[in-house]
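*Asks:* no sequence on this one, just coordinates:
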Ligand SMILES: Nc1ncnc2c1ncn2[C@@H]1O[C@H](COP(=O)(O)OP(=O)(O)O)[C@@H](O)[C@H]1O
Ligand SMILES: [Mg+2]
């Protein structure tokens, strides 16, 4: 456990790094963990992502905001190897990462969670956690679930999973199917699972979306905790109160590009940001039914993925 002085000093250190930075898109950071250049992703005639340059400061919590359809999720997909960019380079800890597949990206220490949670509903909470470790190692999906497969590693992995489940208050649910969890608990599980690889950079795509307000504070606490433990966090979020509460720096995307950067206290008064939000068409928040439908869709996708794995 860190004491409060330590916690304060880490937060202060994170914020001090941004103190005298210009508010320009792509502004260089004192100690970047991730440096991105010229990443472009097109879908037919639509340019979903076109980021010239952006740097993420090590040890900080950076929020990535922007209107719906700005390209935030697509950008995450490029960086983490879940989709292939048309062009561009990015370096994580000085290592070129373009073209590296997702499980290797995670093994190098850069993990992400999904806007729609990818918890496997027909596996238990503990199995989902163990799979988190396995996915990163590139082991076959089913072998990872075979008792005894892990041998030496098994105990270590189970131990780490159990520690994380306690930390995320999911230990009482360890043997329940992930499908029986609430939306918020799934988000917690997804975050816990991402930590199985002991990452350095954690990328969270709308970690609070669809979460019951009773769990929001707990999720926010966990995000802050990641920084206290020395990790770097990059997260996408719509709710500006939350962005102000937890982030040290904010990067704004619109129409695929980074259009502004700045501190959370003033970013929303930046003219470029106001224009971007006014110019964008606003989607109404998802209804319960729509959220449920999206979850089912995500599950169907995963089931197809499992199906594919079993055929190998
Ligand atoms: N697989 C895809 N095929 C075609 N268009 C896509 C695909 N994924 C995203 N898009 C489009 O790219 C744009 C950016 O989407 P997205 O990255 O999801 O935005 P955000 O996460 O900022 O809301 C949107 O116009 C979206 O419709
Ligand atoms: Mg998105």
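*Replies:* Yep, that arrived. The structure displayed is predicted, hence computed values, not measured ones. Ligands and ions are numbered 1, 2, ... in the order given.

*Asks:* what residues does the chain put near ligand 1?
*Replies:* Within the chain, the positions near ligand 1 by C-beta under 6 Å from any ligand atom are 43, 46, 48, 66, 68, 69, 70, 71, 72, 73, 74. C-beta coordinates here come from the backbone N, C-alpha and C atoms, glycine included.

*Asks:* from those residues, pick the one nearest ligand 2.
*Replies:* residue 73 (3.2 Å; C-beta to the ion).

*Asks:* show me what contacts the closest one?
*Replies:* Residue 73 makes contact with 115, 205, 236, according to C-beta atoms under 8 Å, 6 or more residues apart in numbering.

*Asks:* swap in residue 192?
*Replies:* Residues near residue 192 by C-beta under 8 Å, 6+ apart: 129, 132, 164, 165, 167, 168, 170.

*Asks:* the fourth one in helix, strand or coil?
*Replies:* Pointing back at residue 165 there. Secondary structure state of residue 165, per DSSP: H, G, I helix; E, B strand; the rest coil, is helix.

*Asks:* please report the distance of it from ligand 2.
*Replies:* Distance, residue 165 to ligand 2, using C-beta to the ion, to the nearest Å: 27 Å.

*Asks:* number of nearby residues for residue 175?
*Replies:* Other residues near residue 175 number 9, with proximity taken as other C-beta atoms under 10 Å.

*Asks:* which strand or helix spans the residue nearest the centre of the chain?
*Replies:* Closest residue to the average C-alpha location of the chain: residue 204 at 1.9 Å, with C-alpha atoms, centre = their mean. Element membership of residue 204, judged by DSSP states H and E, is strand 201-205.

*Asks:* show me how far that strand is from its chain's centre.
*Replies:* Here the centre of strand 201-205 is set off from its chain's centre by 2 Å, with C-alpha atoms, centre = their mean, to the nearest Å.

*Asks:* quick one: mean pLDDT for that strand?
*Replies:* What strand 201-205 shows for mean pLDDT is 96.

*Asks:* could you do stretch 59-66 as well?
*Replies:* pLDDT averaged over stretch 59-66 gives 96.

*Asks:* same deal with stretch 234-241?
*Replies:* Per-residue scores along stretch 234-241 average to 91.

*Asks:* contacts for that stretch, please.
*Replies:* 34, 56, 61-65, 72-73, 76, 115, 201-209, 223, 243, 247, 268.

*Asks:* ends of that stretch, how far apart?
*Replies:* Start and end residues of stretch 234-241 are separated by 17 Å (C-alpha to C-alpha, to the nearest Å).

*Asks:* domains in the chain, by residue range?
*Replies:* Here the domain parsing of the chain from automatic domain parsing is 4-119+181-281, 286-312.

*Asks:* most packed of these?
*Replies:* Of those, the one with the most neighbours on average (mean count of other C-beta atoms under 10 Å) is domain 4-119+181-281, at a mean of 18.

*Asks:* show me where pLDDT drops low in the stretch 1-150 of the chain?
*Replies:* Along the stretch 1-150 of the chain, the model assigns pLDDT under 70 to residues 1-8, 134-150.

*Asks:* and it, which residues reach ligand 2?
*Replies:* Within the stretch 1-150 of the chain, the positions near ligand 2 by C-beta under 5 Å from the ion are 72, 73, 115.

*Asks:* immediately after the helix or strand hosting the second one, which helix or strand?
*Replies:* Spelled out, it's residue 73. Per DSSP H and E: residue 73 is located in helix 72-79. The element immediately downstream of helix 72-79 (helix or strand, assigned by DSSP H and E) is strand 87-92.

*Asks:* and the helices in the stretch 51-200 of the chain?
*Replies:* 72-79, 102-107, 125-137, 152-167, 183-194 (DSSP state H, counting those that start in this stretch).

*Asks:* picking that back up, for the strand holding residue 204, packing partners?
*Replies:* With contacts taken as 3 or more C-beta pairs under 8 Å, 6 or more residues apart in numbering; DSSP states H and E, strand 201-205 sits against helix 72-79, strand 110-112, helix 183-194, strand 232-236.

*Asks:* can you lay out the ones you listed as TSV showing distance to residue 273?
*Replies:* Formatted as TSV, the helices and strands packed on strand 201-205 follow (distance: least, C-beta to C-beta, whole Å):
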stretch	distance to residue 273
helix 72-79	14
strand 110-112	24
helix 183-194	27
strand 232-236	15
